[in-house]
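A.B. asks: Dropping the sequence and predicted coords here.
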Amino acid sequence: MAHLVQELVLNSANQFPDKEALVYRQSRVSYADLAKDVDSAAKAMLALGLDRGERVAVYLEKRLETVAALFGATAAGGVFVPVNPLLKAEQVTYILRDCNVRILVTSADRLKLLLPVLAQCHDLHTVMVIGSAEGLSNISGNLNILSWNEALIAGSGTGGHRSIDDDMAAILYTSGSTGKPKGVVLSHRNLIAGATSVAQYLKNGAEDRILSVLPLSFDYGLSQLTTAFNVGATGVLMNYLLPRDIIAAVEAENITGLAAVPPLWIQLAQLTWPDNISLRYITNSGGAMPCATLDLLRNNLPSTAIYLMYGLTEAFRSTFLPPEEVVARPDSIGKAIPNAEVLVVREDGSLCAPGEPGELVHRGALVSMGYWNDPEKTAERFKPVPTRQAGLPIQELAVWSGDTVRMDEEGFLYFIGRRDEMIKTSGYRVSPTEIEEVIYATELVGEAAAIGVAHPVLGQAIVLIVTARSGRNINQEELLSACKVHLPAFMLPSRVELREGSLPRNPNGKIDRKLLTQEFENAFVEPVHE
C-alpha cells in the first residue's frame, strides 16, 4: 500500500513493470521506465539544492516531463505546484512568489514570456527548461537556467529527504471570492486517500485506460493520474484542440474512463459517438450537468456508467451519485465518497433536518492542510467538526464548503447554490475581484462589477458592468483588449455593459451584485418561439 505520492508509481512499477503507465502522442512509457524517470527527476532536483518541503512549480502542458517533474518533486522530499498552462505571466509570477517556489520546470517559450517578471520571484534559484536552454542564461540575471536533459544527467545518487504521509505533497491554487488565488496545501495522505477512495467507487483496475484531458492544476485533473497509478492503470495525456479530438482519442486508445466538466460534456454530447465505444464509465464534476446533456449522453453511450460528483479543492472529492441512481435522481450529487462524511449544518453548527437547506461540511482523511501562508482564510474555512465527541482535547477540523445543499430522507444530497460570489465558468472557479482589478488598472472606469450569469454552454458567462471615470470616454473593445493582455481566455467577459451614474448599492453600501445578476439572468437564454 502506498503512503507517499511517488509510491503510487513505484508500487505499480514493482507489480506491473512492463505495463503501459503513460501515453503521450506517439510515446508509450512503461511503469518501470516511468519509475526511472521519476527517480532521475528527484535526483536532479536534489543536486540542484532542493531542500525538504521546498516547492517545485511545473508550468507546462500535459506531457511526459510534466508527470516526471510532479512526482519527482515529492520523491525528492519537496512539494509540487502544478501551474495552469493557460495562466498569463502576472498570474504565474504571483503563484511563484506566494509559495516561495525554488525550482521552476517549464518550456523555453513559456520561460521567455516569464523572464520580464521573474526578478520579482526572490526565492526562485533554478529553472529546468524542456527543450534547449541555449541563449536563455544570458538574459536571466542570477537565475540558474539549464535544460531538463542536462539536469537529469547531472543528477546525483543522493536519496530524497525523509517524508511521512502527514508532510506536504502539493499546493493547488484555486480562486477565492475576493483577491488573488489561494494555495490549497495537500498532504501525501490527502492525495493517497483521494486516489484510493475514487478508485474504489469507480471500480478502477489495472485494465483501465484513463484519458486525461483536464489541467493537472485542477484536483479533478490531477486525480486522473493518481487514480490510474494507484491501481496500475494506463493514463493517456491529451491537450485537445476540439471536442471531436477527444472522441477520436477515446476510440484510438480504447479509453475506458473519461472525466470532464459540464461545458465540455455539453459539447461532447452533441457529437456523434462511434458504436461499440470502449468507455466503461464517465464522470462529471465542477458544476451541475444539465439534464438535457445527461439524456443525450445516456442515449449516445448506453453501455457507459455515468457518475455525477461534487468536490472542492479543499477536500478533493466529497460526493458521488452511483450510476444506478442517475435516472431516478439526475439532479442529485449523491452521497459521501468512501472514507468521508458529509454533513449539512445550520449557521450555528447544528445538523439540518431532511430537506432543510444548510452548508455542506466535509470531514475525513481528504480534508486538506489549509491555505498556504493564510491563517485568516484557513480559520474561516477549516473549523471544528460540528458533531465532535465531548472529551477530545484536540479538535478535528472539517472543511466548511460555503455551498448550500439539502439532504433528502434517504441521505441523497442536492446542490442549491454558492454562498460566495464565485463565478463558475468552463469548469473554472473565477474570482470577480481579479477581473475587476485588471479593469480598474486601466484607469478608465469609475466602478466595475464582474458577475456570473447562467449560460447554456459555459455554465456561467462572465458579464462585466462598468461606469466611466469622470472625463473619460470608453468602449467595450478597449476594456476587452485590456482583459486579453492580462487574463487567460476563460476569464474574459462574454459581455461588457457600460452604465451612466453609479452602480446599485445594497444596504451595506456595497455594489449590489445580486440585483445585477438578476438583471442579466436571461441574457444568454434563447427566447422561446411559439
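C.D. replies: It's in.
A.B. asks: part of a helix, is Trp273?
C.D. replies: No - counting by DSSP: H, G, I helix; E, B strand; the rest coil, Trp273 is located in no helix; its state is coil.
A.B. asks: count of neighbours near it?
C.D. replies: Using other CB atoms under 10 Å, Trp273 has 17 other residues around it. (Each C-beta comes from the backbone N, C-alpha and C, glycine too.)
A.B. asks: now do the one 3 residues further on
C.D. replies: When counting by other CB under 10 Å, one arrives at 6 neighbours for Asn276.
A.B. asks: gap between it and Val430?
C.D. replies: In this structure, Asn276 lies at 39 Å from Val430, with CB to CB, to the nearest Å as the measure.
A.B. asks: mind listing what's buried in stretch 105-120?
C.D. replies: For stretch 105-120, the buried set under the neighbour-count rule, 16 or more other CB atoms under 10 Å, comprises Val105, Thr106, Ser107, Ala108, Arg110, Leu111, Leu114, Leu115, Val117, Leu118.
A.B. asks: and what of stretch 19-28?
C.D. replies: Those buried within stretch 19-28 under the rule 16+ other CB under 10 Å are Lys19, Glu20, Ala21, Leu22, Val23, Tyr24.
A.B. asks: likewise stretch 276-296?
C.D. replies: Buried-residue list, stretch 276-296, by 16+ other CB under 10 Å: 277-290, 293-294, 296.
A.B. asks: Could you chop this protein up by domain?
C.D. replies: Taking automatic domain parsing as the reference, the chain has its domains at 27-163, 188-418, 423-519.
A.B. asks: how far is the longest one from where the chain is centred?
C.D. replies: The one in question is domain 188-418. 12 Å (CA atoms, centre = their mean, to the nearest Å).
A.B. asks: same check, this time on the last one
C.D. replies: Offset of domain 423-519 from its chain centre (CA atoms, centre = their mean): 23 Å.
A.B. asks: so how far is the first residue of it from its last?
C.D. replies: With CA to CA, to the nearest Å applied, domain 423-519 spans 16 Å between its terminal residues.
A.B. asks: Quick check: mean pLDDT of that domain?
C.D. replies: Taken as a whole, domain 423-519 has an average pLDDT of 87.
A.B. asks: Tell me how many other residues crowd the closest residue to Ile416 other than its chain neighbours.
C.D. replies: If the residues on either side of it in the chain are set aside, Ile416 comes closest to Thr404, at 4.3 Å by CB to CB, 6 or more residues apart in numbering. Each residue near Thr404 was counted by other CB under 10 Å, and the total is 16.
A.B. asks: doesn't Glu359 make contact with Thr404?
C.D. replies: Yes - contact status for Thr404 versus Glu359: in contact at 6.4 Å, counting by CB atoms under 8 Å.
A.B. asks: I'd like the distance between Asn300 and Asp39.
C.D. replies: Using CB to CB, Asn300 is found at 42 Å from Asp39.
A.B. asks: If you could redo that for Leu115, that was the one I meant.
C.D. replies: 31 Å.
A.B. asks: Quick one: neighbours of Asp403, just the number.
C.D. replies: The number of residues packed around Asp403, counting by other CB under 10 Å, is 19.
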